[in-house]
Each structure stands twice: as C-alpha cells, then as structure tokens.
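Asker: Predicted model and sequence below, questions to follow.
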Amino acid sequence: MRWDAAAKTWTNVARHIDVLGVRQIVWFRNQKAIAVGATDSDTFLYLDNPSPPPIVANTGVFDMFAPFDASSSAWAQQGNVNFFNGAVILDGTNVGGSIRSAGATWGVRYAVDFWMAVEAPVVNNSQWFCGGFQRENDFVNNAPWSLWISRTSGDLVPEFYSSSGNVVGSKFAVDSPNGHYYSIERFPTTHRFRRDFAVVDSLTVTNAFTAPMQVRFSAYAGSRLSIDFARVRQAFPSPPGAVLVNAEQGP
C-alpha cells in the first residue's frame, strides 16, 4: 500500500508474489523515483489482513508478463509447441519446438525471468535446449544471444555470444525434472544470471553490446521443456534495497 501524506489517502499498489519453498518474494513498481542515497518511507506491507483489497493484475508490475496458460498472438511458434496445465510445452523430438516474443524486443537494463522445468534433457550433443534473449524477430539459430543453454544431458550453462565477445559461464545441473526460477539481466558489458533469485554467474565483455533482442525458448535433441511463465522487467546494476523500519501489530 502507498501512503500519500498530502492527500491523506492510501493506494493499493499492483504486486506479484513468487513462492519458492517457504520464501515469498513480492514484486512491485516504485511509485516515484528515488534519488541515489535517498529513502522512500511511504510504502507499507501488510500481513494477515482479514479483508485484503484485491491484487491488481501483473500488467501493473512487469513490462511484459506471459503466463503461458494458452496460445497468444504475442508469441510466435515453430514446431512441437503445446499448452497444457498452465504451461507451454516444447518437445524437442524430430523438428523440435520453439516460441519467441513476436515483434517485441528489449535492450540493456532489462531482464527476463522465467520458470522452467526440464522434463527431459538432451539425448545427444549435436543440439541443445535454451531460454533467454536471442536475436530479433526470427527463429534463426545464430548469435547474438544471452541464454541459459544445455548442450549435454547433465549441464546447463550461461552463454553470451555476439560480435562484442563470446563468453561461457559455469556449469549447473540440469536437475530434471525439477523446475527453477531463471533470470538474465542485461547491461552494456555484463550479463548477470540468476537461478532461484540468487546471482550465480556474471559474464563480462570488453565492448558494450546494446542491441535489442527478443525472448526465445527452444528445445531440440529429444529434450522437453515445461515453461510456466516468462516476464520482462527493468534491471539495475545496484537495485534499490528494502529494510523494515517499523513493525506494528493490530488487535
């Protein structure tokens, strides 16, 4: 909730809640610009409200939000793509399956988040599955890209490939069939990768790369992906922090 001291009014702020085990992460937009070193103390978080106001739609929080509960013209499709049980399923058998944001691209200081479960890993090393940022407006498997990508059955790695530099990050377990939150945050010379909200790798190049890229997910080589959602948000090298200033308990 947002307090306006001058008007003495409250505003119900749009928010989205991610749940990871016992953790809950609350996303919302700053309601006003906060200068470097300054503090905004007019935003309040309430728990256990017996009569809470309705949650405002996710479109008030993120620059793009796709729940993948049904096919949408906002996402171009190629090959084996199906929608089932609130997720998009990409089947990598035969021709494989891919989706991409149709006509929508994002440059630096933006991030893509997605929930992805690897229902089946790749079965050979000739192709791959991936999710993240790539090229513009096509399904061509060429650079540039900034992706979480798997080229072997057990490994998932961060990769950034472009004329500005080619960098491969650390290896992480594919962890099939469990799902995880994945993120890629783009900055001019750095691409920051998160898994389950923790920063796990940062890939840096010497020459800045600022060209816009689409969001794309692809499965090949017999792999199979289930993706619950994808969203795009703003990203900051040093995001604003939040601290609990005062806590109150009602009757």
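Answerer: Yep, that arrived.
Asker: List the pairing partners of the host helix or strand of residue 114 within its sheet, with orientation.
Answerer: For residue 114, the element it lies in under DSSP states H and E is strand 110-120. When pairing is defined by DSSP bridges, strand 110-120 lines up against strand 179-186 (antiparallel), strand 224-234 (antiparallel).
Asker: Other residues contacting it?
Answerer: Residues from elsewhere that reach strand 110-120 (C-beta atoms under 8 Å, 6 or more residues apart in numbering): 63, 89, 92, 106, 129, 131-133, 148, 150, 156, 174-186, 215, 217, 222-235. The C-beta positions use only the backbone N, C-alpha and C, and glycine is treated the same way.
Asker: from those residues, which would you call buried?
Answerer: Restricting these to buried positions leaves 89, 92, 106, 129, 131-133, 148, 150, 156, 174, 176, 179-186, 215, 217, 222-233, 235, with burial counted as 16 or more other C-beta atoms under 10 Å.
Asker: first to last residue in stretch 177-192, what's the distance?
Answerer: Terminal residues of stretch 177-192 are spaced 24 Å apart (C-alpha to C-alpha, to the nearest Å).
Asker: tell me how far that stretch is from the chain's mean position?
Answerer: 7 Å (C-alpha atoms, centre = their mean, to the nearest Å).
Asker: pLDDT of that stretch, averaged?
Answerer: If you average the pLDDT over stretch 177-192, you get 97.
Asker: cool, and stretch 50-69?
Answerer: Per-residue scores along stretch 50-69 average to 80.
Asker: mind checking the end-to-end distance for it?
Answerer: Using C-alpha to C-alpha, the end-to-end distance of stretch 50-69 comes to 30 Å.
Asker: Report the contact partners of the closest residue to residue 109 other than its chain neighbours.
Answerer: Closest residue in space to residue 109, ignoring its immediate chain neighbours: residue 235 at 5.5 Å, by C-beta to C-beta, 6 or more residues apart in numbering. By C-beta under 8 Å, 6+ apart, the residues touching residue 235 are 109-111, 185-187, 192.
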